[in-house]
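K.L.:
predicted model follows, preceded by the sequence.
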There are 2 protein chains.
Amino acid sequence: MANTGNEKGNAKQAETEKEAVLPPKSNFSEWFNTIIDIGKIMDVRYPVKGLYVWYPFGFGIRKRVYSIIRDVLDNSGHEETLFPLLIPENEFMKEAEHIKGFENEVYWVTRGGMSPLDVNLALRPTSETAIYPMYKLWVRSHADLPIKLYQVVNTFRYETKHTRPLIRLREITSFKEAHTVHATWDEAKAQVDEAVMLYTDIYRQISIPVLISQRPDWDKFPGGDYTIALDAVMPDGKTLQIGTAHHLGTNFAKTYDITYENENGEQVLANQTCYGISERSIAALISLHGDDKGLVLPPVAAPIQVVVIPVLFKQGAEEVMAACNTVVDSLKKAGIRVETDASDLRPGAKYYKWELKGVCLRIEIGPKDIEKKQAVLVRRDTGQKEFAPLDNIVGEVTARLSAMGNDLYTAAEKRQNDFILPCQTLEEVKEAIQTGVATIPWCAEEVCGKKMEEEIGAKILGIPTKQDGVAGICPVCQNKTSKIVYVARTY
Amino acid sequence: MANTGNEKGNAKQAETEKEAVLPPKSNFSEWFNTIIDIGKIMDVRYPVKGLYVWYPFGFGIRKRVYSIIRDVLDNSGHEETLFPLLIPENEFMKEAEHIKGFENEVYWVTRGGMSPLDVNLALRPTSETAIYPMYKLWVRSHADLPIKLYQVVNTFRYETKHTRPLIRLREITSFKEAHTVHATWDEAKAQVDEAVMLYTDIYRQISIPVLISQRPDWDKFPGGDYTIALDAVMPDGKTLQIGTAHHLGTNFAKTYDITYENENGEQVLANQTCYGISERSIAALISLHGDDKGLVLPPVAAPIQVVVIPVLFKQGAEEVMAACNTVVDSLKKAGIRVETDASDLRPGAKYYKWELKGVCLRIEIGPKDIEKKQAVLVRRDTGQKEFAPLDNIVGEVTARLSAMGNDLYTAAEKRQNDFILPCQTLEEVKEAIQTGVATIPWCAEEVCGKKMEEEIGAKILGIPTKQDGVAGICPVCQNKTSKIVYVARTY
């Protein structure tokens, strides 16, 4: 495995590191670190802790996932914008709850050139305090509402915990944050619901099932009314928060003086929401679908969807190459991302290489296939080997790519369901969260919740937004309740 | 006009400011500041000097221009990547020439949370010192070369000069920087030539002609061998640098120890180039094409390409709306970005509004047009009013959008040529640069060049890469020379 520290390895060391072998996925933590490296997602050797370099291949995945995110937002009335990175200290310090939540994690610019700055500038940990002073200027009347803007930006956290690529970063390179303004609390609530629906749709498109829950009050967004979160269950049973939507009520509007004139000519405080998604989406994508052989990428996110491998012998080599070229041309014309591997590598080495990269479909064509006017198609996720007629290769490939996206979702959803372990007692919860996510009845009182967390030594994730309504007993106060709650070890 | 300073105006003030009237373009500086505001490109009221907010409409232009930039690079063997913003002081300080060029302009992060950092972190002013330590690890053998990567990122300059949106910024929000590695100096030179060609192509696509010249040695990129620059001539005759390509030779390779094993098994220093383009491209686009009525946007960059205006009377209103809807639907299906304006505004007010926004083509349909099965088409750039048959509306619109892109280029090129004023004496140059760009013979010796700059009180822009080879006399040393040089006032 590559260095994660501050030293750079020298070139020779690095060379050796590159030949790292992928551990089995059952050893998830090591598997993840290794696939990030040999799967060419990110280089972890940048000489500052918690900052990483996107390899072009990893960036190709990011580009496609973020294109889906942008499409979903653009098609639901959001507009893209871009606000400055640097936030002046006086604006940043206005919202007391918000500051408390972030002040230990903020990077400060204090010098420009050789001189100290008059006003220190924060690197945005998130952009409320950059955007809302402008919203104060933009919002005048009810006719200006709703405002639904988003941006994709880098944000910063001075993490003191153990950092790791895509998951816990000092520079979040790919933070998509939306910030909306509404007339009423209910309209803002409807926007939070829409955000959760849109995020679920985005994750569905990259074949990722999610747990949706409302965070307990003591774990909501600093300065907000409530927080709905999307979590993925990682292969080790720990959950990864991969999206949040916050109802901000009028809290920030009060601080930043965001008011509008209502239909009666009165100045009223606006209601706001914000919601975000980051490159943790890529972490989930890699972790949920990958296997012992390497990456498995949903076709919509794969930089290379198909690899064509000519099976060459002395006899008939020209015909095989010609057939492969024809296939590649017709796939390219159909907009499929395809490469040919006519290298000298042994077949086994080729398979290894393209499987590691998560290429969705391998097509092999040899002299015998040409005789039979067919190709061999091997799906990356199932390993299933099938024959397909050459004269309908585009249709055959398209059908398999589409099926693969669905099958990956179904498989991931099944694994997720298996991770959910219904419990009735705190003892059972303690046991369950060693391998998965526990559910347990909860009366929803903070005093019981905090006691539960203390006894279990793990966090309450949240109250699922969809409840089955079956009655149970809160294990702390012993009162009857129809609510359950997720409890999990979290990333 | 909106505030440019540190105070925020209150909402009422801002309201009044929004009704600013566009001054004639002959008053270019005021025209530019006003169009940025009322054209909804950027909001200049962000409470830090030199930082601005992209309005969604301005961002829509940026998005389309950067999509062209990405396409041109992706199609010429470049790969997109992403490196960290923060550069540790020790890496940043390695290349002496480079530091000298930037040290007065660098923002420094010195604090994380409540504690001072062990190592101060620079906000990248440009990314050589972030990328090249990684290139040291990535480059091993001649087989790894060339490397051609680019990224689109925010970069920072602590500008002490007067800042203005898109042109002189403290946060350059949209810096596209490419960094390449090659085996030989000549291959790197060929890459610089390719970069200039690609940039010229990009600018041609957004209808912008450029002056291409080699900067004098005393004005090249700090740490490089030589610099080729692309400049646009702005409406006031001053030039705006809108792209640069730098041959770095082996200078940075020496500092960052970037070597490769050549075919003889020897370790050799690599040659490098870098080239960049920023949102100054948008500044040029707005400035070169706009007119007294507002923005004029090339169709490829326009967020809205067509507006359909129903001309409604009591009689026949339904038929008119139906015809407009049919037109809008067929244009949308053809991928044209179209809006309808069926508001209550007077026709004159509608024209004003959409002309200000630079919408390429206005379509008006009234009851009489329906009788004649036609629509009225008005081009934004020429104001030309034409009739077109409704049953071929997509073809008619497409042809005009395509013609408009070309015509904008031709018109801009003609204006650029008119700005170039050939001179023989320094007196003539002094006079010429009051209104345009002077050319004058130069022996290419630094001593004569610097003397020239001193006497003229303006900068030598550079030596055009295409020379006509006609002999002239250097006005300083009086020697014969076949070289001329551009002299201009610059932004």
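P.N.:
Done, it's in.
K.L.:
ok, and the closest non-adjacent residue to the residue of chain A most remote from its centre?
P.N.:
Largest separation from the mean C-alpha position in chain A: A:Gln315, at 48.7 Å (Cα atoms, centre = their mean). Leaving aside its sequence neighbours, A:Gln315 sits nearest to A:Pro367 (Cβ to Cβ, 6 or more residues apart in numbering or on different chains; 6.6 Å). Yep, even glycine has a C-beta here, placed from its N, CA and C like the rest.
K.L.:
isn't that neighbour right up against A:Ala322?
P.N.:
No: counting by Cβ atoms under 8 Å, A:Ala322 is not a contact partner of A:Pro367; they are 11.8 Å apart.
K.L.:
look at those two and report which has more neighbours.
P.N.:
When neighbours are counted by other Cβ atoms under 10 Å in any protein chain shown, A:Pro367 and A:Ala322 differ, and A:Pro367 comes out ahead with 16 against 13.
K.L.:
any idea how far that one is from A:Pro310?
P.N.:
Here A:Pro367 is placed at a distance of 10 Å from A:Pro310 (Cβ to Cβ, to the nearest Å).
K.L.:
now for those two: what residues contact both?
P.N.:
By Cβ atoms under 8 Å, 6 or more residues apart in numbering or on different chains, A:Pro367 and A:Pro310 have these common neighbours: A:Val320.
K.L.:
tell me who's in contact with A:Lys372.
P.N.:
A:Lys372 neighbours (Cβ under 8 Å, 6+ apart): A:Phe387.
K.L.:
so which residues of the stretch 51-200 of chain A form strands?
P.N.:
Ranges of strands within the stretch 51-200 of chain A are A:53-54, A:79-80, A:86-88, A:107-112, A:115-123, A:147-156, A:171-182, based on DSSP state E, counting those that start in this stretch.
K.L.:
chain center to the third one: distance?
P.N.:
Its chain's C-alpha centre lies 27 Å from the corresponding centre of strand A:86-88 when counted by Cα atoms, centre = their mean, to the nearest Å.
K.L.:
please apply the same query to the fourth one.
P.N.:
Mean C-alpha position of strand A:107-112 versus that of the full chain (Cα atoms, centre = their mean) differs by 30 Å.
K.L.:
quick one, that strand and strand B:147-156 angle?
P.N.:
With axes from the mean of the first three to the mean of the last three Cα atoms, to 10 degrees applied, the angle from strand A:107-112 to strand B:147-156 works out at 80 degrees.
K.L.:
so what touches strand A:107-112?
P.N.:
A:86, A:89, A:116-117, A:120-123, A:156, A:158, B:86, B:105-112, B:120-121, B:123, B:158.
K.L.:
nearest spatial neighbour of A:Ala232, chain-adjacent residues omitted?
P.N.:
Of all residues not flanking A:Ala232 in the chain, A:Ala284 sits nearest, at 4.1 Å (Cβ to Cβ, 6+ apart).
K.L.:
surely the one you found is in contact with A:Ile208?
P.N.:
Yes: here A:Ala284 reaches A:Ile208: they are 5.4 Å apart, a contact under Cβ under 8 Å.
K.L.:
neighbour count: the two, which is higher?
P.N.:
Higher neighbour count among A:Ala284 and A:Ile208: A:Ala284, with 28 against 24, using other Cβ under 10 Å.
K.L.:
can I have the helix or strand harbouring the more buried one written out in PDB, keeping just the CAs?
P.N.:
Element membership for A:Ala284 (DSSP states H and E) is helix A:280-289. The C-alpha trace of helix A:280-289 is given here as PDB (Å, rounded to 0.1, in the frame of the first residue of the first chain):
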ATOM      1  CA  ARG A 280     -18.500  10.000  -0.600                       C
ATOM      2  CA  SER A 281     -20.900   9.100  -3.400                       C
ATOM      3  CA  ILE A 282     -17.900   7.700  -5.200                       C
ATOM      4  CA  ALA A 283     -16.700   5.900  -2.100                       C
ATOM      5  CA  ALA A 284     -20.100   4.200  -1.800                       C
ATOM      6  CA  LEU A 285     -20.100   3.300  -5.500                       C
ATOM      7  CA  ILE A 286     -16.700   1.700  -5.300                       C
ATOM      8  CA  SER A 287     -17.400   0.000  -2.000                       C
ATOM      9  CA  LEU A 288     -20.800  -1.400  -2.600                       C
ATOM     10  CA  HIS A 289     -20.200  -2.900  -6.100                       C
END
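K.L.:
and it with strand A:171-182, angle?
P.N.:
Interaxial angle, helix A:280-289 versus strand A:171-182 (the same axes, to 10 degrees): 110 degrees.
K.L.:
after helix A:280-289, which helix or strand is next?
P.N.:
Next in sequence after helix A:280-289, counting helices and strands by DSSP H and E, comes strand A:306-310.
K.L.:
hmm, back to that, secondary structure class for the residue farthest from the centre of chain A?
P.N.:
Look at A:Gln315: counting by DSSP: H, G, I helix; E, B strand; the rest coil, its state is coil.
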